[in-house]
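Q: Need a 3D model of the following:
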Amino acid sequence: MTPEFARPHRLDTIGAGESRVAIEADEGERKALARRFGLIAIDKLAADYAVRRDAAGIVARGHLSGAVVQACSVTGDPVPAKIEEEFAIRFLPEGSADGDEVELSEDDCDIVFYTGGAIDLGEAAAETLALALDPFPRSPGAEAALREAGVLSEDEAGPFAALAALKKKL
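A: Below you'll find the model as predicted:
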């Protein structure tokens, strides 16, 4: 599969010192990514990386900025969202022993495997965007639509709802 937002960064250009890389998706790439992730639109996708080598592989830390339009999970109405996400990614060669089973602490990086002589910073940014999306976006009209359909709110259906109903009967 060819990524929609490919930004290969050659390994032989990465040293022990930190190098800065900025990438941004163009209109065609954003449209293709929107289709892939089931979004109405991606209006912006940009990432700033600080890339360096360490003993275990390549480390990329940075910031992702995005503007997306998702469909409301209830009504289907457009729900615009801004995404500002800090990230830390460790790129390891495919088949690396470190990738078999890794316990990550809160400060550790996400792990992405690569093959060949380059890492793909564009695909890493696209995956970071996808992970930052709200899985159940709601439009302002979602609550009314749910009420109209007879769906109870958490307060009405929660564990204390039965107790509240009993209290009203007393």
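
Q: drop to CA atoms for contacts and neighbour counts, all remaining ones
A: Noted.

Q: show me what contacts residue 89?
A: 59, 60, 61, 109, 110, 111, 112 (C-alpha atoms under 8 Å, 6 or more residues apart in numbering).

Q: How is it classified with respect to secondary structure?
A: Here residue 89 is recorded as strand under DSSP: H, G, I helix; E, B strand; the rest coil.

Q: Okay, it and residue 22: tell me how far apart.
A: Residue 89 sits at a distance of 15 Å from residue 22 (criterion: C-alpha to C-alpha, to the nearest Å).

Q: Now do the SS call for the one residue sitting closest to the centre of the chain.
A: Closest residue to the average C-alpha location of the chain: residue 131 at 2.4 Å, with C-alpha atoms, centre = their mean. Classification of residue 131 by three-state DSSP places it in helix.

Q: Can you turn the buried part of the contacts of residue 89 into a ChimeraX selection?
A: Buried members of the contacts of residue 89, defined by 16 or more other C-alpha atoms under 10 Å, are picked up in ChimeraX with:
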select :59,60,61,109,111,112
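
Q: Take the contacts of residue 89 and lay them out in TSV including distance to residue 148.
A: Formatted as TSV, those follow (distance: C-alpha to C-alpha, whole Å):
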residue	distance to residue 148
59	50
60	48
61	46
109	44
110	42
111	45
112	45
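
Q: Which positions within the helix or strand containing residue 144 qualify as buried?
A: According to DSSP states H and E, residue 144 maps onto helix 142-148. For helix 142-148, the neighbour count (16+ other C-alpha under 10 Å) marks 142, 143 as buried.

Q: what mean pLDDT does it have?
A: In this model, helix 142-148 has a mean pLDDT of 75.

Q: ok, now stretch 71-83?
A: 92.

Q: before we move on, the earlier item: tell me the gap between the helix holding residue 144 and the middle of its chain.
A: Computed by C-alpha atoms, centre = their mean, to the nearest Å, the chain-centroid distance of helix 142-148 equals 28 Å.

Q: Output it as CSV - backbone C-alpha positions only.
A: Output in CSV follows, covering the C-alpha atoms of helix 142-148 (Å, rounded to 0.1, in the frame of the first residue of the first chain):
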residue,chain,number,x,y,z
ALA,A,142,-27.1,15.1,19.1
GLU,A,143,-28.7,15.2,22.5
ALA,A,144,-32.1,16.3,21.2
ALA,A,145,-32.0,13.6,18.5
LEU,A,146,-31.2,10.9,21.0
ARG,A,147,-34.0,12.1,23.3
GLU,A,148,-36.4,12.1,20.4
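
Q: which helices and strands does it pack with?
A: Under the contact criterion of 3 or more C-alpha pairs under 8 Å, 6 or more residues apart in numbering; DSSP states H and E, helix 142-148 touches no helix or strand at all.

Q: Just flag the most distant two among the contacts of residue 89.
A: 61 and 112 (12.8 Å; C-alpha to C-alpha).
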